[in-house]
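**Q** I'll drop the sequence and a predicted model, then ask my questions.
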Amino acid sequence: MKTRRSFVSVLLLVGVLVLASASSPAQQAAPQAGDLPIYYEELTSPEFVKAVARSESTCLVPLGILEKHGPHLPLGTDLLDVRELCRRAAQKEYSIIFPPYFVGQILEAKHQPGTIAYSPELMMKVLQETCDELARNGIKKIILVNGHGGNDQFVQYFCQTQLGLKKDYAVFLFDPSDDESMEQKLKPLRKTTLDGHAGEMETSRMLAHRLDLAHPDRADQQSGEDLRRLTGLKHAYTGIWWYARTPNHYLGNGTVATKELGETAFDLESDLLAEMVRSVKKDTVTLKLQKQFFGDSDRPLETRPVNK
């Protein structure tokens, strides 16, 4: 057990060092909120205490991955983009931003060079212990900001598992899917309709903040076509679905990407994230209900509340 914990600690440390070293000059000279940096790793210990107070005990945890993004975008595209989203949101509504985090679900891309795919057990353990440690350091409202589509079901399930054991903190997941106005504003700027991975949008986002890492001129070196190899299945889900559609790990057309589309997407989504952070700061109900839930769950059966 001790060896496993040591491995997890080393894993997180290596992740911070590797991806922090890949940051752009603008990211290395991080913006500040008054006298405080927004990046967790850039705070001194005394500053951290002030940051927890200023953030009202909130922390954004941008979740990315290391995987192929077509022939033209970096392996860390999801992580770089989601960190940029959090940076822009934190400038609008102060919150601490956790260091680069890439321990996520990407088993479907193991056949592609550069993919780092961890076991499901390790994914759960590292994220849970990260949240536990943040809470131990005074952060009671943890906001997961997922930048990787392959994490969608994993992070939702993770949020549900938070009801398994008593906690004095709450985990929230940023979910802008119910805001249809954002897509309506982006639609006039789009040139494609097939755009699922490393296509027009992701390439545009990279052009907006890491021009040095985006190579749209290489995007036509491989096909981003949907191969639709499982059309015979009816009412069925299988884990091989993504490989069946996109063995190249590329869906769409990155050659048509524009910085304007990327900038607009970042601005609109960061507004939504800042709005969420403000609502989480003001929220007094979630932790209260959570405490009530744990109390009700621990009562003897005959004294538990009955729904009427």
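**A** That came in fine, so what should we check first?
**Q** Look at residue 10 and report its pLDDT.
**A** What the model reports as pLDDT for residue 10 is 44.
**Q** Repeat that for residue 31.
**A** pLDDT, residue 31: 60.
**Q** Likewise for residue 179?
**A** 84.
**Q** Give me the phi and psi for the residue nearest the centre of the chain.
**A** In the chain, the residue lying closest to the centroid (Cα atoms, centre = their mean) is residue 146, at 2.2 Å. Reported as degrees, to the nearest 10, the phi and psi values for residue 146 are phi -90, psi 120.
**Q** same thing with residue 73?
**A** Residue 73 adopts backbone torsions of phi -120, psi 160, taken as degrees, to the nearest 10.
**Q** Quick check: pLDDT value at the nearest residue to it once chain neighbours are set aside.
**A** Counting by Cβ to Cβ, 6 or more residues apart in numbering, residue 73 lies nearest to residue 198, which is 5.2 Å off, once chain neighbours are set aside. Backbone N, C-alpha and C define where each C-beta goes, glycine included. Note on residue 198: pLDDT of 98.
**Q** swap in residue 46?
**A** Note on residue 46: pLDDT of 97.
**Q** Roughly how far does it sit from residue 52?
**A** Distance of residue 46 to residue 52, given as Cβ to Cβ, to the nearest Å: 11 Å.
**Q** between these two, which one's more packed in?
**A** The residue with more neighbours, out of residue 46 and residue 52, is residue 52; 19 against 8, by other Cβ atoms under 10 Å.
**Q** Tell me the buried residues in the host helix or strand of the more buried one?
**A** Applying DSSP states H and E as the criterion places residue 52 in helix 45-54. If you call a residue buried by 16 or more other Cβ atoms under 10 Å, then helix 45-54 has these buried ones: 48, 51-52, 54.
**Q** quick revisit: what residues are up against the residue nearest to residue 73?
**A** Shown in contact with residue 198 (Cβ atoms under 8 Å, 6 or more residues apart in numbering): 68-70, 72-73, 77, 219, 224, 249-252, 254.
**Q** So which of the residues you listed belong to helices?
**A** Secondary structure from DSSP state H places residue 77 of these in helices.
**Q** ok, so of the contacts of residue 198, who is nearest residue 39?
**A** Set against residue 39, the nearest of those by Cβ to Cβ is residue 77 (19.4 Å).
**Q** Pretty sure that closest one sits against residue 206.
**A** Yes. The pair residue 77 and residue 206 passes the contact test of Cβ atoms under 8 Å, sitting 6.3 Å apart.
**Q** which residues touch the residue lying closest to residue 277 once chain neighbours are set aside?
**A** Leaving aside its chain neighbours, residue 277 sits nearest to residue 93 (4.5 Å; criterion: Cβ to Cβ, 6+ apart). Residue 93 makes contacts with 274-275, 277-278, 281, as judged by Cβ under 8 Å, 6+ apart.
**Q** From residue 122, how far off is residue 93?
**A** Computed as Cβ to Cβ, the residue 93 to residue 122 distance reads 32 Å.
**Q** do the same with residue 131
**A** 15 Å.
**Q** If you count surrounding residues, which of these two has more?
**A** When neighbours are counted by other Cβ under 10 Å, residue 131 comes out ahead of the other of residue 131 and residue 122, with 21 against 14.
**Q** so the more buried one is in which element?
**A** Counting by DSSP H and E, residue 131 is found in helix 120-136.
**Q** quick one: that helix to helix 45-54, angle?
**A** Comparing the axes of helix 120-136 and helix 45-54 via axes from the mean of the first three to the mean of the last three Cα atoms, to 10 degrees yields an angle of 90 degrees.
**Q** What helices and strands are in contact with helix 120-136?
**A** Packed against helix 120-136, as judged by 3 or more Cβ pairs under 8 Å, 6 or more residues apart in numbering; DSSP states H and E, are the following elements: helix 2-21, strand 58-63, strand 141-146, helix 152-161.
**Q** what about that helix, distance to the chain center?
**A** The chain centre lies 14 Å from the centre of helix 120-136; the measure is Cα atoms, centre = their mean, to the nearest Å.
**Q** what sits against residue 171?
**A** 131, 142, 144, 158-159, 162.
**Q** Closest one of those residues to residue 107?
**A** Closest to residue 107, out of all of those and judged by Cβ to Cβ, is residue 158, at 16.0 Å.
**Q** close enough to count as contact, the closest one and residue 127?
**A** Yes. Checked against Cβ under 8 Å, the pair residue 158 and residue 127 is within contact range at 6.0 Å.
**Q** ok, those two, which is more surrounded?
**A** Between residue 158 and residue 127, counting by other Cβ under 10 Å, residue 127 is the more crowded of the two (22 against 19).
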